[in-house]
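S.K.: I would like the atomic coordinates for the input below:
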Amino acid sequence: MSDVAPPPAAATGWPADLIDRMPAAVAVIDADGHWQCANPALAALLDTVPAQLVGAAAHREWLPELAERIDACLAQLPATEGLEDVPMMLRGATEGPPRPLRATLRPLDGGAAALLQLVDDRARHGLEAQQEMLAFGISHELRAPVRAIEQFARRLLALEADFDPATARDHLQRIQDAAGHAGSLIDALLETMRAARPPRPPAPVDISLLGDWICAELQDAEPGRAADIHIAPDLWAWGDEHALKQMLGKLLHNAWKFSAHRERVRIELDGARVGDRLQLQLRDAGRGFDMRYAERLFVPFRRLHGADDGAGHGLGLAIAQQLARAQGGHLRVDATPDVGTTLFIELPAVPDEDAPRP
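M.R.: Residues are numbered from 1 along each chain as shown. Alright, predicted model coming up:
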């Protein structure tokens, strides 16, 4: 007789190697509460390894919020109805805020064990937050230009009896401006939705080339503005070139427009590789802002400046942050009122084996 023990899940009819290959985060728990097996996907969700979960009642340590309910279901095997999409918060598994999960527990054939499945609910929460943001943008931000169009169109129609060309032109200009604002906001809302899409496969991206390209476009659009622009050479990131150009475009456009009150625009982009990360600094000598309000900077529709100072719809930096995070990076900021702003941009660096050769 062999002394080799069968795979932990063998008694349930679920081969352990099959469970290991499943993309869903699952574990098999016997009637006594012991975890017979846990696949790598579930262990990764809990920020541990399967060996730390198997052999003990791991749900009591790792899922304390649901532990009693799981034990109650296991005590009723095989007659239990289990759990179905129960929301919970995962605390302490990783640094940062608690993560939303949904848990499902179903009895397996034979009734000797149950299958636990965990689903990371952050994607759904992110979608709900985006839907709320879009609803706010449509119901509040878009309503103002639509109301202006309706108001000045009504006034224009009322000029039939006492037509004044100058007044009519003013009303038409206001209608045109409001329509332009509404169109710009719709475009930004669409950009926000697209920024949440999974990125394309990563590749080496020449950030220096993108910076030069974007700044040339800004100068071509306003050739009368004097500018001192320095883009450091040989800055390479690892990601989706289209998304990184879009992100960098938002940041450089902000630096340009919030320097409108200066006689010369001054923008500098430099950086260095630190380990496997590219650390960039984008500096301008524009309006800056009070750091007490920095938490508003990347929040949709939260503006730190008025329209007269160059503020737009309030989505540009929120989109840029979303794009940076989708690439595995992030943005943070430092600023001084009427002195300027520095944006710190962290992105994945090009892996050594993929680095461009001179």
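
S.K.: quick one: the helices in the stretch 201-350 of the chain?
M.R.: 207-221, 241-257, 316-326 (DSSP state H, counting those that start in this stretch).

S.K.: same for the longest helix along the chain, what does it pack against?
M.R.: When the chain is parsed with DSSP state H, its longest helix is helix 165-195. Other elements packing on helix 165-195 under the criterion 3 or more Cβ pairs under 8 Å, 6 or more residues apart in numbering; DSSP states H and E are helix 122-136, helix 143-157, helix 241-257, helix 316-326. Glycine gets a C-beta too; all of them are placed from N, C-alpha and C.

S.K.: got the buried residues for stretch 66-84?
M.R.: Neighbour counts over stretch 66-84 (16 or more other Cβ atoms under 10 Å) mark L66, A67, R69, I70, C73, L74, L77, T80, G82, L83 as buried.

S.K.: Would you format those as TSV with secondary structure included?
M.R.: Formatted as TSV, those follow (DSSP: H, G, I helix; E, B strand; the rest coil):
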residue	secondary structure
L66	coil
A67	helix
R69	helix
I70	helix
C73	helix
L74	helix
L77	coil
T80	coil
G82	coil
L83	strand
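
S.K.: among the residues you listed, which one has the lowest pLDDT?
M.R.: The member of the buried residues of stretch 66-84 with the lowest pLDDT is T80, at 84.

S.K.: So what's the residue count around the nearest residue to I345 once chain neighbours are set aside?
M.R.: Setting aside the residues directly before and after it, I345 is nearest to L280 in space (Cβ to Cβ, 6 or more residues apart in numbering), at 4.0 Å. Using other Cβ atoms under 10 Å, the number of residues around L280 comes to 23.

S.K.: Residues in a beta bridge with L280, which ones?
M.R.: Beta-bridge partners for L280, by DSSP bridges, are G271, I345.

S.K.: So for it, what's the pLDDT?
M.R.: Reported pLDDT at L280 in the predicted model: 96.

S.K.: just G13 next, same as before
M.R.: pLDDT for G13: 51.

S.K.: and what of A203?
M.R.: 92.

S.K.: again, but for D309
M.R.: 49.

S.K.: Show me the one of the helices of the stretch 201-350 of the chain that comes nearest F163.
M.R.: helix 207-221 (36.6 Å; Cβ to Cβ).

S.K.: Can you list the buried residues in the closest one?
M.R.: I207, S208, L210, G211, I214, C215, L218, Q219.

S.K.: which residues sit against that helix?
M.R.: For helix 207-221, contacts defined as Cβ atoms under 8 Å, 6 or more residues apart in numbering pick out 225, 227, 229, 231-237, 241, 244-245, 248-249, 252-253, 256, 267, 269, 271, 278, 280, 347.

S.K.: the inter-axis angle of it versus helix 241-257?
M.R.: Per axes from the mean of the first three to the mean of the last three Cα atoms, to 10 degrees, the angle that helix 207-221 makes with helix 241-257 is 50 degrees.

S.K.: Remind me what the host helix or strand of E61 packs against, helices and strands.
M.R.: E61 belongs to helix 58-62 when elements are defined using DSSP states H and E. Taking 3+ Cβ pairs under 8 Å, 6+ apart as contact, the helices and strands that helix 58-62 lies on are strand 35-38, helix 67-75.

S.K.: Need these in JSON lines (columns: distance to A188).
M.R.: Listed next are the helices and strands packed on helix 58-62 as JSON lines, based on distance: least, Cβ to Cβ, whole Å:
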{"stretch": "strand 35-38", "distance to A188": "44"}
{"stretch": "helix 67-75", "distance to A188": "44"}
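
S.K.: any idea how far the closest residue to D334 other than its chain neighbours is from W256?
M.R.: Using Cβ to Cβ, 6+ apart and skipping residues adjacent in sequence, the residue nearest D334 is T342, 4.9 Å away. For T342, the distance to W256 (Cβ to Cβ, to the nearest Å) stands at 15 Å.

S.K.: ok, those two, which is more surrounded?
M.R.: W256 (23 against 16).

S.K.: List the residues that contact that one.
M.R.: So W256 contacts L218, V265, I267, D284 (Cβ under 8 Å, 6+ apart).

S.K.: quick revisit: so which of the helices of the stretch 201-350 of the chain is nearest E141?
M.R.: helix 316-326 (12.6 Å).

S.K.: Low-confidence stretches in this structure?
M.R.: 1-17, 92-97, 122-140, 160-162, 192-199, 294, 296, 299-314, 353-358 (pLDDT under 70).

S.K.: Of all residues in it, which one is nearest the centre?
M.R.: Q322 (3.5 Å; Cα atoms, centre = their mean).

S.K.: residues touching L251, list them.
M.R.: Going by Cβ under 8 Å, 6+ apart, L251 touches L282, L317, A320, L331, L343, I345.

S.K.: now do 10 Å
M.R.: Under the criterion of Cβ atoms under 10 Å, 6 or more residues apart in numbering, the neighbours of L251 are 211, 214, 267, 269, 280, 282, 284, 316-317, 320, 324, 331, 333, 341, 343, 345.

S.K.: Not counting its neighbours along the chain, what's nearest Q321?
M.R.: Nearest to Q321 is F298, by Cβ to Cβ, 6+ apart, at 4.3 Å.

S.K.: burial of that neighbour, as a residue count?
M.R.: 20.

S.K.: okay but it is in contact with L323, surely?
M.R.: No: under the criterion of Cβ atoms under 10 Å, F298 makes no contact with L323, lying 11.3 Å away.
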